[in-house]
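S.K.: need a 3D model of the sequence below.
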Amino acid sequence: MMNGFNEAFEFFDFLFDARNQMVPGFILKEAGYSYPAPQFPPMNVEMDKETKDLYFTAALAGYDPEEVDVRFDGDYMLLSSNVKKEEEKAKKELLRRGIKKSTFEVRYVVPVSKYDTERANATFENGLLNIRIPAKETMKPKKLKIEIK
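M.R.: Numbers count the residues shown, from 1 in each chain. Down below sits the predicted model:
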């Protein structure tokens, strides 16, 4: 078995599937999936060594939680925002715009065969979007009990 793929042909089909080309910087490593950071939003992706749960942390300072959408589509997690143009404040004249919100959409591979997307949860605190996706029981390490005779 190669990184969760049953046969070598399945692995090559996955690599050359046109849908996988939309994942920014998606590559496979010998130990599993690798998630290089997209240009925006800045993102940390971590996997718990014991539980195999996935943790995504996106820096979205200035965004309201209502402006951010997280959804799952097959083996992908899609993170997006459709920002509407802000109305200018009548009392203030903008001299420099250093904080800018923009519309974006990024995709991350989250295989439904390995992760329970139904139990995923997301929190938004201090400009950070935190997403936890629990691993299915089949992903968790199993310890074999040695029988003594």
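S.K.: what pairs with Thr57 across the strands?
M.R.: Asn44, Asn130 (DSSP bridges).
S.K.: residues near it, how many?
M.R.: 16 (other Cβ atoms under 10 Å). Backbone N, C-alpha and C define where each C-beta goes, glycine included.
S.K.: before we move on, what about Val45?
M.R.: Around Val45 there are 16 residues (other Cβ under 10 Å).
S.K.: what sits against Lys101?
M.R.: When contacts are counted by Cβ atoms under 8 Å, 6 or more residues apart in numbering, Lys101 touches Gly62, Tyr63, Glu67, Ser81, Val83, Glu86.
S.K.: pick out the lowest-pLDDT one from those residues.
M.R.: Within those, pLDDT reaches its minimum at Glu86, with 63.
S.K.: strands of the protein, start to end?
M.R.: Using DSSP state E, the strands of the chain run over residues 27-29, 32-34, 43-47, 54-59, 68-73, 76-81, 104-109, 121-125, 128-133.
S.K.: columns distance to Leu95 on top of those, output as TSV?
M.R.: Below are the strands of the chain laid out as TSV (distance: least, Cβ to Cβ, whole Å):
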stretch	distance to Leu95
strand 27-29	43
strand 32-34	42
strand 43-47	31
strand 54-59	25
strand 68-73	28
strand 76-81	26
strand 104-109	26
strand 121-125	30
strand 128-133	29
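S.K.: closest to Lys91 out of those strands?
M.R.: strand 76-81 (27.1 Å; Cβ to Cβ).
S.K.: and that closest one, what's buried?
M.R.: Tyr76, Met77, Leu79, Ser81 (16 or more other Cβ atoms under 10 Å).
S.K.: mind putting those in TSV, distance to Ile146 included?
M.R.: Shown next, in TSV, are the buried residues of strand 76-81 (distance: Cβ to Cβ, whole Å):
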residue	distance to Ile146
Tyr76	40
Met77	39
Leu79	44
Ser81	52
